[in-house]
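Chemist: Sharing a model that was predicted from the sequence below.
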Amino acid sequence: TQLLEQSPQFLSIQEGENLTVYCNSSSVFSSLQWYRQEPGEGPVLLVTVVTGGEVKKLKRLTFQFGDARKDSSLHITAAQPGDTGLYLCAGVEGNNRLAFGKGNQVVVIP
Amino acid sequence: KAGVTQTPRYLIKTRGQQVTLSCSPISGHRSVSWYQQTPGQGLQFLFEYFSETQRNKGNFPGRFSGRQFSNSRSEMNVSTLELGDSALYLCASSLAQGAPDEQYFGPGTRLTVT
């Protein structure tokens, strides 16, 4: 099983600050996905990155896939309370299953 | 277009009992996957069903089983419940089999075993 390690596990910041969370693996993935999960809900797909070195932007969220396709980062600019949630990264394993990291719990304080 | 629905949303059971959870996929989606989410282990893959057949299975004991109906709705069953089965059970649907990167998740069923 290819493990995805996410860091930091928990992050609390003030509204307006920037933050970056990380997703790392010792294995190569053909693609990586980022989800956001809010309390009482299922994960919602934010973005899929496929090409090594790829950068994708979704409003104030910037996602980067490492050159070697083993790691990814999510940067949030000027965080807002609505960004609060559990951010999950996931990669497709060789047996065509989705493997998830344990998540980065982000809390944005108004 | 309605999203993935799961019933019930919350459930409390006692050790040793069994439980059945239900998942209705997005209209037109034929693949349903089930996941268990706990704080300690995160999201773990249980199994995938497509065209009423189990196509992929995770590393869970035989107490965890599932099935899919001709209308693509799916159920999962857990027998002889243990305290450690307390978790959020999520199902996800996709159009095609083996497309884990195109899944849409339901809100989950929160199971508490006492």
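Modeler: Now that the structure is in, tell me what you want to look at.
Chemist: Skip the chain neighbours and tell me the closest residue to the closest residue to chain B within chain A.
Modeler: Using C-beta to the nearest C-beta, the closest approach of chain A to chain B is made by residue A:42 at 3.2 Å. Every C-beta, even on glycine, is put in place using the N, C-alpha and C of the backbone. Spatial nearest neighbour of residue A:42, excluding adjacent residues (C-beta to C-beta, 6 or more residues apart in numbering or on different chains): residue B:105 at 3.2 Å.
Chemist: what's near enough to touch residue A:69?
Modeler: Residue A:69 is in contact with A:28, A:29, A:30, A:32, A:52, counting by C-beta atoms under 8 Å, 6 or more residues apart in numbering or on different chains.
Chemist: State the distance from the residue nearest to residue A:83 when sequence neighbours are not counted to residue B:39.
Modeler: Take residue A:83 and drop its neighbours on the chain: the residue closest to it by C-beta to C-beta, 6+ apart is residue A:108, 5.1 Å away. Plainly put, residue A:108 is 21 Å away from residue B:39 if you go by C-beta to C-beta, to the nearest Å.
Chemist: just to revisit the earlier point, pretty sure the residue nearest to residue A:42 is touching residue A:36, no?
Modeler: No - the pair residue B:105 / residue A:36 is not scored as a contact, 11.1 Å apart, by C-beta atoms under 8 Å.
Chemist: What residues does the residue of chain B found nearest chain A make contact with?
Modeler: Nearest residue of chain B to chain A, counting by C-beta to the nearest C-beta: residue B:105, 3.2 Å away. Neighbour list for residue B:105: A:35, A:42, A:43, A:44, B:4, B:90, B:91, B:92 [criterion: C-beta under 8 Å, 6+ apart].
Chemist: Now for the spatially closest residue to residue B:81 that is not a sequence neighbour: which residues touch it?
Modeler: Excluding its sequence neighbours, the residue lying closest to residue B:81 (C-beta to C-beta, 6+ apart) is residue B:113, at 4.8 Å. With contact taken as C-beta under 8 Å, 6+ apart, residue B:113 is in contact with B:12, B:13, B:14, B:15, B:81, B:82, B:83, B:84, B:85, B:86.
Chemist: Tell me the bridge partners for the residue most central in space within chain B.
Modeler: Central residue of chain B (C-alpha atoms, centre = their mean): residue B:34, 3.2 Å from the mean position. Using DSSP bridges, the bridge partners assigned to residue B:34 are residue B:47, residue B:91.
Chemist: close enough to count as contact, it and residue B:23?
Modeler: Yes - counting by C-beta under 8 Å, residue B:34 touches residue B:23, with 7.3 Å between them.
Chemist: so what sits against both of the two?
Modeler: With C-beta under 8 Å, 6+ apart as the test, residue B:34 and residue B:23 both reach B:74, B:76, B:91.
Chemist: quick one: least confident helix or strand in chain A?
Modeler: Lowest on mean pLDDT, DSSP states H and E among the helices and strands of chain A sits strand A:98-100, with a mean of 89.
Chemist: Can you name the residues in contact with that strand?
Modeler: Here strand A:98-100 makes contact (C-beta under 8 Å, 6+ apart) with A:1-4, A:33, A:88-93, B:33, B:35, B:42-45, B:100-101, B:103.
Chemist: what pairs with it, and is each one parallel or antiparallel?
Modeler: strand A:85-92 (antiparallel).
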